[in-house]
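Chemist: sequence below, structure please.
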Amino acid sequence: MIVCVCKSVSDRTIRSSIADGIDSFDELQFELGVASCCGKCEESVRDVMLQSGVCASRCGVVERHQQVQSVAEVVQVTFYERKAA
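Modeler: Okay, the predicted model is just below:
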């Protein structure tokens, strides 16, 4: 499956790079160019890294999910009913 459309990088290519010793997101970004154009693939690349057994500490997946949860706890959402004119 193509993960990075801009650079045409597949999940197989990412897994192969990890097998060759790349163990951080920054190294993958440098070597393959992922998430360097539009950036939409960053989360998918990090998920492939996590599935491949690389890293809670090096790819930032765990920290990122914890940050999202803590922000969700802080933000309160209020819905207002809109009345017809």
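Chemist: what about the helices in the chain?
Modeler: Ranges of helices in the chain, per DSSP state H, are 11-19, 25-32, 42-51, 61-74.
Chemist: mean pLDDT for these: which is lowest?
Modeler: Across those, helix 61-74 has the smallest mean pLDDT, namely a mean of 50.
Chemist: list the contacts for Ile14?
Modeler: Shown in contact with Ile14 (Cβ atoms under 8 Å, 6 or more residues apart in numbering): Val3, Leu28, Leu32, Val34, Val45, Val48, Met49, Ser52. The way it works is simple: take the backbone N, C-alpha and C, and place the C-beta from them, glycine included.
Chemist: could you check how far Asp26 is from Ser36?
Modeler: To Ser36, Asp26 is 11 Å away according to Cβ to Cβ, to the nearest Å.
Chemist: need the contact list for the nearest residue to Val34 once chain neighbours are set aside.
Modeler: Leaving out its chain neighbours, the residue that sits closest to Val34 by Cβ to Cβ, 6 or more residues apart in numbering is Cys4, at 4.4 Å. Applying Cβ under 8 Å, 6+ apart, we find Cys4 in contact with Leu32, Gly33, Val34, Ala35, Cys41, Ser44, Val45.
Chemist: Cys4 bridge partners, please.
Modeler: Val9 (DSSP bridges).
Chemist: of the contacts of Ile14, just the buried ones, PyMOL syntax please.
Modeler: Buried members of those, defined by 16 or more other Cβ atoms under 10 Å, are picked up in PyMOL with:
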select buried, resi 3+28+32+34+45+48+49+52
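Chemist: re the thing from before, between Asp26 and Ser36, who's got more neighbours?
Modeler: Just comparing Asp26 and Ser36: by other Cβ atoms under 10 Å the higher neighbour count belongs to Ser36, 14 against 11.
Chemist: wait, that one touches Gln29, no?
Modeler: Yes. Ser36 lies in contact with Gln29 (Cβ atoms under 8 Å); the separation is 5.9 Å.
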